[in-house]
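Q: Starting from these lines, generate the structure:
(2 chains)
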2 protein chains.
Amino acid sequence: MKAYLFLVDVADFQMPVVTIQPEGKRFLASHGTSLIDILVGEGVNIENVCGGRGICKKCIIEVVKGKLSEPTAREYELIMVSRKLRLACQAKVVEDVVIKIPDSSRQFKGRILEHGYIPDFTFSPSLKIVSIRLEEPSLKDQRSDMERLVDALKARSIDIMLLRKLPSRLRKLDWDIDAIIHEDEVLDVRKHSVCPYGIAVDIGTTTVVVYLVRLSDGKMVSVKSDYNGQIIYGDDVISRMTYAVQDSENPGKLQKAVVSTINKLIHEAVKEAGCDFSDVYEAVFSGNTAMLSLLLGIETIGMASAPFAPPFRSRLKLKAREIGIEINDSGVVSTLPVVSSYVGGDIISDILVSGIHKTDGNFLLIDLGTNGEVVLKKGGDIIATSTAAGPALEGAGLSSGMRGMEGAIESVSIDGKTFEVYYRTIGGVEPRGICGSGVVDAIAWMLLTGIIDKSGRISEVETERIVDVNGEKAFLIAVNSQGRRIYITQSDIRNFQLAKAAIFSACIVLMRIANVHPEELSKIYLFGAFGNYIDPRSAMITGMIPEAPLDKIVQMGNGSGYGAYVNLISKKAREEADEIARKVKAIELNTVDGFQQEFISATHFPHSRLELFPRVSKAIERRSPMIDYGQ
Amino acid sequence: MKAYLFLVDVADFQMPVVTIQPEGKRFLASHGTSLIDILVGEGVNIENVCGGRGICKKCIIEVVKGKLSEPTAREYELIMVSRKLRLACQAKVVEDVVIKIPDSSRQFKGRILEHGYIPDFTFSPSLKIVSIRLEEPSLKDQRSDMERLVDALKARSIDIMLLRKLPSRLRKLDWDIDAIIHEDEVLDVRKHSVCPYGIAVDIGTTTVVVYLVRLSDGKMVSVKSDYNGQIIYGDDVISRMTYAVQDSENPGKLQKAVVSTINKLIHEAVKEAGCDFSDVYEAVFSGNTAMLSLLLGIETIGMASAPFAPPFRSRLKLKAREIGIEINDSGVVSTLPVVSSYVGGDIISDILVSGIHKTDGNFLLIDLGTNGEVVLKKGGDIIATSTAAGPALEGAGLSSGMRGMEGAIESVSIDGKTFEVYYRTIGGVEPRGICGSGVVDAIAWMLLTGIIDKSGRISEVETERIVDVNGEKAFLIAVNSQGRRIYITQSDIRNFQLAKAAIFSACIVLMRIANVHPEELSKIYLFGAFGNYIDPRSAMITGMIPEAPLDKIVQMGNGSGYGAYVNLISKKAREEADEIARKVKAIELNTVDGFQQEFISATHFPHSRLELFPRVSKAIERRSPMIDYGQ
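A: This is a model prediction of the structure:
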C-alpha cells in the first residue's frame, strides 16, 4: 500500500500527482487508488466517520483542476449540488488532480478552537523597537537618565518599573541600547537584537486561548489553550455573573481564576517558543463583555438585569501588573471595545476578522460558543444581538451530553435503512458521551431517517435503538464497553429545539429589521467553537441557521482570538475595531415586536414556515443530507 | 505668684496687659514682675537655658509697642544691637506692652522639625469634589456606567480600582454622588458630604514628617513625624546610596523601609483626625534627590560618582499602590521636581516657601539638615549647591555626640569668668550626650570665653573643665549622675571646623560666582532641622554662616514639608515649583576654581579673612555673644 507514495522530486511520471489545497502538499498516487486512502495514509486532516462507506458524506472535497473517477451512486446527490464536489471515499485517482479540502471536512483533534482566519492588515504594532546610542552624561550635560532616554526617543514617559533599574541598565549597556516603546511610553531598555513578543488572548466562557506573537514580524510562534479556570464558579455567563454579585469578593475570585489560566498558558507558550515571560510586552484580550469585565475584576451587576448597562464600552488600557498578568514588569494590556452587555469584544473581533464592515453585500455572522451572538450587516448598518443558546449546544445540558473532550461523540451519521449509527469520538477512544457537534449531527440524521418528525417527536420506527429512559423515549447512539448507554431523549430534543430556535429567531429577527431575505445574503460566517465544529449541513437541516448554498457558509474558526491577534499587530485593525464598536447597534430581542412568535415558529424542524427552508425541506423529504441548490 | 494673672475680660485695669505675638495671647501682670516668669508660668514657649541669670542670652524678645523696665547691665550689649531687643529674664513689666518672641528664642520639645512657614498661595488643589446626579441607564440609553460618569463629569478616564466597584456603587447611591476627580481622572464615587484628604510628606534622610491636609479647605489637621526607617541602612545619603548599589535588591529594601515609616505616620495621622486612610486621595513628596529616588525604588547608581547624573528630574506622578503607600486604592502620588543629584526637591520646596524666586533682592538660603545645601538668588538667576556638612553637625560624628533626642544637650552657654556651663537637654532629663545645636553653642561659647582660639586649638585656660580624653585635650560640658562625661575634644573641634567650613565656603563661592557681597544680602533664610534649632548668633560666631544683622536671618523651619504642603493645595505652587526646577542652576563646587582655598580659609574661627566677619570679630574680642550692628 505504501508503494504508490513518493515525493514528486523523485517522481515516476507514470503515476498521477495529487495536489492538496490549502496545504500545498503533493503526492504520487497509483492509478485507481481511493482518494481517502491516500489522504488518510499521508496523515492529511480529513473527516472519515463512516469509514469510507459513503454514508456520512463528511469527506467532501472540491476538485479545483483535473478530474477524478466517475461519480458513484453514493455521490449522486452531491453531484446535483455541484459538479466540483466529490466524496473522497468514493472518488479514485485517474490523472493529475488538484483538490481542496474545505474546513467543514476537517477533523480537529483538540476540541479547543485555536485556529482562525487572519484578515489582511498592514503590520504596524503599537510596540516599537528603537536601536540607539545615547549621549553619555557629563558635567556639562546635567540631564537625568530619564530625560536623556526620553528626549532621544522622542517619547513622553517611562514606566516606573523600568525607571527603577534604568541607571544601572544604561551603564551596563554602555548607553548603546534597544529601547522598547509602547505608544509614547518607554517600557524597556535592552541589549541589541533581542526580540519583543506580544500575546493575543481569547477569553471564552469555557475556554481560553493564548497566541504568542513575535512582534518583530507578527508571526504567531505558539498557541496554547485550556479550559477557563472560572468554570468552577459556573458553566455559563449568567451563572458566573450570578456568582459575581453574591459577594463583593467574588469578582476578585473570578478574576484570579481566569488570570491563573492565562498565566499558565503564557508560561507554556514562552517555554515552547524558547523565550522568557519578560520578553512579552503587550497583551490584547478579546472576549464577551462579562469575560473582559471579570478579567479586570470589574463588577457585572449592571449587566445582570434590565436595562443591562455594561460597566464600560471603550477599549481599556492598563498595566499587566495591575491585573496580575505575568508578562514583562512594564508590560501593557488592553481589551477590545464592546458594544453592550451582550454584544462584546468577541463579536467586534468576529466582524473585524470577517471584514463585513468594509465589504459590500449583506452578511450574516453567527458566533456559536457557550453563548450565541448574531450580527447582520446591510449597507452601512450593522446590527447585532445575543441569544441564550446555552447548554443544549455545548452538550452539557443533555442526558448523555458532555463537553468536547476526549471520548465525546463529535460526529454522527445514521443509515436510513438499518438505523445503524456511525460515529467518531474525540481522540478516537471509547465513547463517554456526546458533545454539541455530535448532537446536531444526531438530530439532523434522526430527522433525515424519520426517527423524529418535524415537531421533534420520536416516531414509531422499527428499531431496537428506540429505548425507554426513565419513562421517556430515547434514541440509542452507542453503548460503550462499560455498558454505559449514550442516547438522545425526547427531552433532549425539546431542549435542542429551544436552543436552535433561539439562534434562528435571532437571525430572522435581525433580517426582518434590516429587511434582508435569506437568499439576499452574500455570506453566512460561522464563528466560535460550536460554529466551527458543527457540520453546517446538519445545522441547516435542523433549522438552526438559514438555508443557504454551502459555499456561502464560511466557518471562520476562532474570530475572537484572531481579532485580538490583529489588534496586537496592526494599528489599522485597532482603529477599525474602535470604529466597529461605535457603529454596531445592539438589539435587545425581547423588545422586538413578534420575537416570541418567531421563536415558537423556529422550534419546528426546520421551521413552521417551510418557505424559509424550501431546499432543506426537500432534502428531508428525500431523506438525504444533500441539499440541492441547482448550481 | 499666680495672683497677678487673669484673663483680660475679667481685667483689673490697675494691672498692665502683656500681649504676646505671634500667639496673640494676652495676660495681666503685676507691676514689676519679671517677663520670663510670666511667660514660663503661662506655658509660653521660650528659651530659658541659664535659668534667668542673663548669661545665655537666649530669651531675647522684641518690644513691638509700649516699654519694659530700664535695661540692666546684662542687657547692655543687646541694647547696642537694637533698642527694641530685650532679655525676658532681665526686663520687668511696667505698663501695657506688646512683645514678639522670635523663632530663635523658642524651645522645640520634639526635635523632629514639623513646623514651617506657609507662603501665600491661592487654594486650588488638583483634587476636586463634584456633586452630581447621573442619568440612570435605560433601554434607550445604552451607555456604560463608565461613560455615564465620565461624560457627566467631563473627565477623561477612571481609575481601574474604582471601575471595578463602580457598578454596585452607583446603584447603591442611586446615581446621586460626590465624585472625587484628580486632574482628568475620576478616583472615587461616594455619598455626599464626605471630605477628601491629602498628605504632604517631607522625606528627610534622618526624619520623615507627614502632614494630613483636609482638601476641602486646605487645613492641616494632623502632623506626625518619626525617624526614617532607612537609618538602619546608613546614617547619611552617601552611605544609603552605597548600600543601594551593593545589590540589585537593595533599592527595594530601602524603598520598603521608608514606605513603612510613611504608612505608620499616615495611620497615626488619620486616627488623630478621625478619618480613614481611604479618605486620603493624594500624596505629595518632597525630599532630596536620593530620598525621592529611593521612595520610588529607583536606583541611585548614577548619582554616586561623577558626573553625578540623577535618574530623573521632572515631577513624577504615579499611583500610590505602585509604591505601597497606604491611602485610597485609587490615590495618586507625586514628587517635587529636582535640579540635580544633590540639589533636590527639598531645595525646590525651600525656594518656593521662601518666595525668593519672585522677590526682588539678593537672597542666601541655607538648608542644614543631614546634608547642607546653599542657594543664592540674584536678579533673575538662582544658583545652588550642596555640601557634605555631614555628621559633625548632626552630633553623631562627635565623641559625645548624639541625635536630637531626649537627653541630648541642645543649648549651651558658658560663664566667661567661672567657666561654669549652663545647658538644657531635650526633654529636660539627665544629659546623655550633645546634639548639633548644642555643639554650635558650645563651640561659639568656647571661642567667646577663650577656651579655644581662632585656629580652633584648646587654650591653656585655668579650669578643671579642661580634661584629658585618650591623650587629647577636651572641654567638659557635663557629667551625668552615672558619671558619664560629656565633652568636646580637640578632634571634635577639628571635625566641626571642616563641617562649618564646608557650609561657609559653599556660601562664599556662590556669592563670588554671582558677585554678591555679604552686606548686599537682603535676607538669609535658614531651613532644615539643624538650621532651625541652632542659635543663628552662635552659627555666625563660629563662621558657619555669613555675618548679617540678626533681623536679616530668618529661620523658616521645615521648608521641604511646607513646600510639599503648598504643592498639595495649590496649582500655582506646582507651576512655580516646576518653573524653579527648570531655572535653578546647580553648581558642582569641586569644579569651581579656588574652592579648595576658600574651604581652607573657612576652617578658621570665624574665618582667616576677618574682613568677612568684622562685627563678629569685635564681639569675640569683647567676649560677648552680642554682635553690634549699630542699628
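Q: Skipping adjacent residues, who's closest to the residue in the stretch 251-400 of chain A that chain B sits nearest to in space?
A: Of all residues in the stretch 251-400 of chain A, A:Ala309 sits closest to chain B, at 3.7 Å by C-beta to the nearest C-beta. For the C-beta atoms, the positions are set from N, CA and C on the backbone; glycine is no exception. Distances taken as C-beta to C-beta, 6 or more residues apart in numbering or on different chains put B:Pro137 closest to A:Ala309, at 3.7 Å, once the chain neighbours are dropped.
Q: need the contact list for the one you found.
A: A:Gly302, A:Pro307, A:Ala309, B:Arg143, B:Asp145, B:Arg148 (C-beta atoms under 8 Å, 6 or more residues apart in numbering or on different chains).
Q: How about A:Leu187?
A: Taking C-beta under 8 Å, 6+ apart as the test, what A:Leu187 contacts is A:Leu127, A:Asp159, A:Leu162, A:Ile180, A:Ile181, A:Tyr281, A:Asn328, A:Ser330, A:Gly331, A:Val332.
Q: Hmm, the last one is touching A:Val280, no?
A: No: between A:Val332 and A:Val280 no contact is recorded; they are 10.6 Å apart, counting by C-beta atoms under 8 Å.
Q: So for stretch A:312-326, mean pLDDT?
A: In this model, stretch A:312-326 has a mean pLDDT of 97.
Q: what's the answer for stretch A:83-102, then?
A: Here the average pLDDT along stretch A:83-102 is 88.
Q: What are the buried residues along that stretch?
A: A:85-94, A:97, A:99-102 (16 or more other C-beta atoms under 10 Å in any protein chain shown).
Q: Could you tell me the end-to-end distance of it?
A: 15 Å (C-alpha to C-alpha, to the nearest Å).
Q: Could you pull up the residues touching A:Glu75?
A: A:Gly54, A:Arg86, A:Leu87, A:Gln90, A:Ala91.
Q: can you check A:Pro167 too?
A: A:Asp145, B:Ile298, B:Glu299, B:Thr300, B:Ile301, B:Gly302, B:Met303, B:Ala309, B:Pro311.
Q: which phi and psi does the last one have?
A: Going back to what we said before, that points to B:Pro311. phi -70, psi -30 (degrees, to the nearest 10).
Q: How many residues are close by it?
A: 29 (other C-beta atoms under 10 Å in any protein chain shown).
Q: ok, it touching B:Glu299?
A: Yes: the criterion here is C-beta under 8 Å, and B:Pro311 meets it with B:Glu299 at 6.6 Å.
Q: Now, the contacts of A:Leu187 that are in helices?
A: A:Leu162 (DSSP state H).
Q: Which member of the contacts of A:Leu187 is positioned nearest B:Thr591?
A: A:Leu162 (31.0 Å; C-beta to C-beta).
Q: coming back round to it: pick out the most distant pair among the buried residues of stretch A:83-102.
A: It's A:Val94 and A:Pro102 that sit farthest apart of those, by C-beta to C-beta, at 22.0 Å.
Q: excluding its backbone neighbours, what's nearest A:Leu166?
A: A:Asp145 (5.2 Å).
Q: How much space separates the one you found from B:His357?
A: A:Asp145 sits 27 Å away from B:His357, going by C-beta to C-beta, to the nearest Å.
Q: Please apply the same query to A:Ile177.
A: For A:Ile177, the distance to B:His357 - C-beta to C-beta - is 37 Å.
Q: So these two - more neighbours on which side?
A: More neighbours surround A:Ile177 than the other of A:Ile177 and B:His357, with 23 against 19 (other C-beta under 10 Å).
Q: what about the closest residue to that one other than its chain neighbours, neighbour count?
A: In this structure, A:Ile177 finds its nearest non-sequential neighbour in A:Val189, 4.8 Å apart by C-beta to C-beta, 6+ apart. Applying other C-beta under 10 Å, we find 23 residues neighbouring A:Val189.
Q: And for A:Lys264?
A: A:Lys264 - counted by other C-beta under 10 Å - has 16 other residues nearby.
Q: For it, what is the enclosing helix or strand?
A: helix A:250-273 (DSSP states H and E).
Q: Let me know whether that helix sits next to chain B.
A: Yes: using C-beta under 8 Å from any C-beta of the partner chain, helix A:250-273 reaches chain B at A:Pro251.
Q: Nice, that's everything, thank you.
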